[in-house]
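Novice: take a look and give me a structure for this.
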Amino acid sequence: MWYVYIIKCADTTLYTGVTKDVSRRIKEHNSKKGGSYTRTRTPIRLLYQEPQPHYSSALKREAQIKRWTKSKKVALINGNLTELSRLRVSHD
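Specialist: Numbers count the residues shown, from 1 in each chain. Predicted coordinates for the structure are as follows:
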């Protein structure tokens, strides 16, 4: 199983990634061994994770979410389906 995850960085930006082991990846980010983007933005906090059956589907979902606005990502994180649908018209 693969996971798409969204973390909040210390500077309040959101980062979206893919991993097989979310807890290990969060530890890597917080120990500055994650991606270069998060290395200078620690500590980070996990806000959302979503299982995907295959690596390819996880990458597609990650790419989709990365195109979204921050407000649309926040709606996903909060499980606000009404707001997510309203924002669907932009950057889907």
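Novice: pLDDT weak spots in this structure?
Specialist: Judged against pLDDT under 70, the low-scoring parts of the chain cover residues 89-92.
Novice: residue boundaries of the helices in the chain?
Specialist: Per DSSP state H, the chain carries helices over the ranges 22-30, 36-39, 55-67, 70-78, 81-87.
Novice: how about the shortest one: buried residues?
Specialist: Read that as helix 36-39. Within helix 36-39, the residues that qualify as buried by neighbour count (16 or more other Cβ atoms under 10 Å) are T38. C-beta coordinates here come from the backbone N, C-alpha and C atoms, glycine included.
Novice: do the longest one as well
Specialist: Neighbour-count burial for helix 55-67 flags A58, R61, E62, I65 (criterion: 16+ other Cβ under 10 Å).
Novice: which residues touch it?
Specialist: Outside helix 55-67, the residues that touch it by Cβ atoms under 8 Å, 6 or more residues apart in numbering are 2-4, 6, 16-18, 50, 52, 73, 76, 91-92.
Novice: by neighbours, which of the residues you listed wins?
Specialist: The most crowded member of these is V4, carrying 24 neighbours; neighbours defined as other Cβ atoms under 10 Å.
Novice: figure out which of the helices of the chain is closest to A10.
Specialist: helix 36-39 (9.1 Å; Cβ to Cβ).
Novice: would you mind writing the CA trace of the closest one as PDB?
Specialist: Once non-C-alpha atoms are left out, helix 36-39 reads as follows in PDB (Å, rounded to 0.1, in the frame of the first residue of the first chain):
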ATOM      1  CA  SER A  36      15.100  19.600   0.300                       C
ATOM      2  CA  TYR A  37      11.900  21.700   0.600                       C
ATOM      3  CA  THR A  38      11.200  20.600   4.100                       C
ATOM      4  CA  ARG A  39      14.800  20.600   5.300                       C
END
